[in-house]
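K.L.:
Sequence first, then the predicted structure:
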Amino acid sequence: MAKIPLRKVVFYVHYSERERLLERLQDEGLIHFTEIRKDLKEEFGVTHLSEVEFESHLEAVITRLSNAIKFLESFAKKKSLIESLYEAKKAFEKKEFFKIANCVEPGTILVQVETLEQELAQLAQEESNLIAQRNFILPWVDLNYNLEEIKSTNELIMLPGSIPSNKLPSLNDYPLAYQLVSDDGKRAYVVVVYHKKDEDLVRPILQEKEFELIEFHGYMGRPADILEEIDNRIKVLEEEKKNLQQAIEKVSAHYDSLLVLHDYYLAIYNRELTDNRGLKTACISVYQGFVRERDLSKLDKIFSEFETAYYEVVNLEDGEEFPVELENRKIFKPFEGLVRMYGLPSYIDPDPTALITPFFVLFFGICYGDAAYGLLLAIFSIWLMRKLKISAPLLWILFSGGIVSMIFGALTGGWFGDFFERANIGFLNAFRKKMMLFDPMSDVMTFFALIIALGFIQINVGLAVNAYKRIKEGDTLGALSQPIAWIVILLSLAYMGLFASKVSNPLLNNAVKGVALFFVLFMVLFSSRHSRNFIIRIIKGAYNLYNGVGFIGDLLSYVRLMALGLTSAGIAMAINILTLLVWQIPIAGYILGPIVFVFGHLFSFAINILGSIVHPLRLQYVEFFKQFYDDGGTPFLPLKWEGKYTEIVEIKKQEV
């Protein structure tokens, strides 16, 4: 439960050295800059218009670079399915990175990319229009005269259109004629002809029969000729598209340079934004921020490189808080992301990462609950990390959950569900039974008791942290009258419900009851001690005691772990039953059986991962965190070189 100690610093630098100082600080990534009070900025500083224009220009260039990268991405590199799951940053040696950043002019490349993108969009738009025209004209391709000839005269009305296929024969009963051009089974395409004198009769009939008039505005000639012309134009467009794609692939050779340029200008843009958080006069620039306490010596070294730069450590202003940076041991580090998803703790609150790690992993293993699945998940996670050459927190979480699932599954007999037993594989089933402590599918109450016990433990751990937090803040009486009182009461109730009848020592049983009663009265009297009116204090204290009913709901919430574990086992069992049924099919069963087994368990393996993450995570956020945790911390975000697409690496010199 560690957070890195921080100190607030204010530093001053002559205007002539400010840019170089900010660059050095960005290189080292030491300071989390904050805004200087607006009243001071209004009194002493003026933001120059040229700086605002420069920021706008940078923002526009970054946006154009980002769009160009997205456009060229599919042409520049082909990613496998595995690689598409995780987007690793492109590594550049520092010298190479800045060589590209300083020597490559983005304007020319951007113009080329944007021109090609526009031309490709125009071709795609024209092709889409042609395909729409082709689909429109295709039903009329068998019409053997020009479309412009379909027009009414003084005596006759000619209407091209479509009608539901099943209603076409009924037109024979009315004073009209029609030419059937085509019929796709749903609608028939026809040219209807009737005398003008019958229009008042025929029009309502056509409307009743769902006749839809089709107009050929802009089309001239025979439909077959029009279709041929459209097809020829589409072929020309396809050839133009191929040529254009070749030109795009040629330009995509600059893809890596665009990545560098984007992140280079992004770093400059962030530095400019940071610069505007300070206070600038004609000669002096003043900035403030936070630095890790252990980095103060590095800060000394940097400031010694400048003639006019000076910093001092200062106290927080009223209402100001330190930002938060979590620091945990390697085993807990991947789980920091789970805390960040909920919200960082305030600077004075404990970091709960080390607390939720064992509970989350254990709950994941219970939900996943299969030794074979757990083994496969652990192997898959390690393989994926080696394949992608990354150490992603999620993969480490899945690896840890897989290990616990393997252990819990072995203790509950889950190896691809009950496959070893159902398939009657003798030696494997004997191994399964030897490792097995209980079967959750048949011994449900044991499973239920285990889950309730784990929930009871976690809730009490949360209360203990609450007590520690209150005592650290100087509220010892509050700790005794609330969290500590509840711990004693809950433990006493658990003892009296489970062990009192089995213990033949009346003195011990009475002592437990007495201690519980004492803390009940203590809570009623002191949990709302801030109320001046004694009667209101008692009423509020009694209400706080009544709120203990909520612990029952919290405990029952943990039953979702049992439900999910049984569901996982049930799905695996259903797959096994289906596999053995298919296996009994003569000849084909030897092929279909393994297919059902493999794909069925792959589906179960994948789908249960999501539930095994979501439900344990909910228990941490809703049932556990509410006992002690307050979020609202501001993350410690120092100004540093941190690219969206690239990372700068140092090449280690090979030992001779």
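P.N.:
That came through, no problem.

K.L.:
packing partners for the helix ranked longest in the chain?
P.N.:
What stands out as the longest helix in the chain, according to DSSP state H, is helix 106-137. For helix 106-137, the packing partners by 3 or more C-beta pairs under 8 Å, 6 or more residues apart in numbering; DSSP states H and E come out as helix 49-76, helix 223-251, helix 255-275. Where C-beta positions appear, they are placed from N, C-alpha and C, glycine not excepted.

K.L.:
Phi and psi next, for residue 309.
P.N.:
In terms of degrees, to the nearest 10, the main-chain angles of residue 309 are phi -100, psi 140.

K.L.:
ok, now residue 279?
P.N.:
phi -110, psi 120.

K.L.:
Residue 531 now?
P.N.:
Torsion angles, degrees, to the nearest 10, at residue 531: phi -70, psi 130.

K.L.:
In this structure it contacts residue 525, no?
P.N.:
No. Using C-beta atoms under 8 Å, residue 531 is not in contact with residue 525, being 11.2 Å away.

K.L.:
Quick check: neighbours shared by these two?
P.N.:
residue 537 (C-beta atoms under 8 Å, 6 or more residues apart in numbering).

K.L.:
Spatially, what comes nearest to residue 629 if we skip its sequence neighbours?
P.N.:
Nearest non-adjacent residue to residue 629, counting by C-beta to C-beta, 6 or more residues apart in numbering: residue 352, 5.9 Å away.

K.L.:
Residue 447 too?
P.N.:
Closest to residue 447 by C-beta to C-beta, 6+ apart is residue 440, at 4.2 Å.

K.L.:
A helix includes that neighbour, no?
P.N.:
No. Using DSSP: H, G, I helix; E, B strand; the rest coil, the secondary structure at residue 440 is coil, not a helix.

K.L.:
residues near it, how many?
P.N.:
By other C-beta atoms under 10 Å, 23 other residues sit near residue 440.

K.L.:
Next: residue 102.
P.N.:
Using other C-beta under 10 Å, residue 102 has 8 other residues around it.

K.L.:
Begin at 9 from now on, thanks
P.N.:
Yep, numbering from 9; the last one is residue 110 now.

K.L.:
Doesn't it belong to a helix?
P.N.:
Yes. Looking at residue 110 with three-state DSSP, it is inside a helix.

K.L.:
Please give the element, helix or strand, for the residue nearest the centre of the chain.
P.N.:
By C-alpha atoms, centre = their mean, the chain has its centre lying nearest to residue 349, at 9.7 Å. Assigned by DSSP states H and E, residue 349 belongs to helix 344-350.

K.L.:
Dump the C-alpha coordinates for that helix into PDB.
P.N.:
Provided in PDB are the C-alpha atoms of helix 344-350 (Å, rounded to 0.1, in the frame of the first residue of the first chain):
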ATOM      1  CA  GLU A 344      -2.400  -1.200 -10.200                       C
ATOM      2  CA  GLY A 345      -4.500  -0.800 -13.300                       C
ATOM      3  CA  LEU A 346      -7.500  -2.300 -11.500                       C
ATOM      4  CA  VAL A 347      -7.200   0.500  -8.900                       C
ATOM      5  CA  ARG A 348      -6.800   3.200 -11.600                       C
ATOM      6  CA  MET A 349     -10.000   1.900 -13.300                       C
ATOM      7  CA  TYR A 350     -11.900   2.700 -10.200                       C
END
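
K.L.:
how about it: buried residues?
P.N.:
For helix 344-350, a neighbour-count test (16 or more other C-beta atoms under 10 Å) marks 344, 346, 347 as buried.

K.L.:
So which bits of stretch 105-123 are buried?
P.N.:
105, 108, 109, 114, 117, 118, 120, 121.

K.L.:
count of neighbours near the closest residue to residue 345 other than its chain neighbours?
P.N.:
With C-beta to C-beta, 6+ apart as the criterion, residue 345 has its nearest non-adjacent residue at 5.0 Å, and that residue is residue 401. Residue 401 has 13 neighbours, counted by other C-beta under 10 Å.

K.L.:
ok, residue 199 touching residue 185?
P.N.:
No. Judged on C-beta under 8 Å, residue 199 makes no contact with residue 185 at a distance of 9.1 Å.

K.L.:
Neighbour count: these two, which is higher?
P.N.:
More crowded of residue 199 and residue 185, by other C-beta under 10 Å: residue 199, with 18 against 14.

K.L.:
can you pull the contacts of that one?
P.N.:
151, 158, 166, 167, 168, 186, 187, 189.

K.L.:
For PyMOL, what selects the buried ones among the residues you listed?
P.N.:
Buried subset of the contacts of residue 199, written as a PyMOL selection, criterion 16+ other C-beta under 10 Å:
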select buried, resi 151+158+167+168+186+189
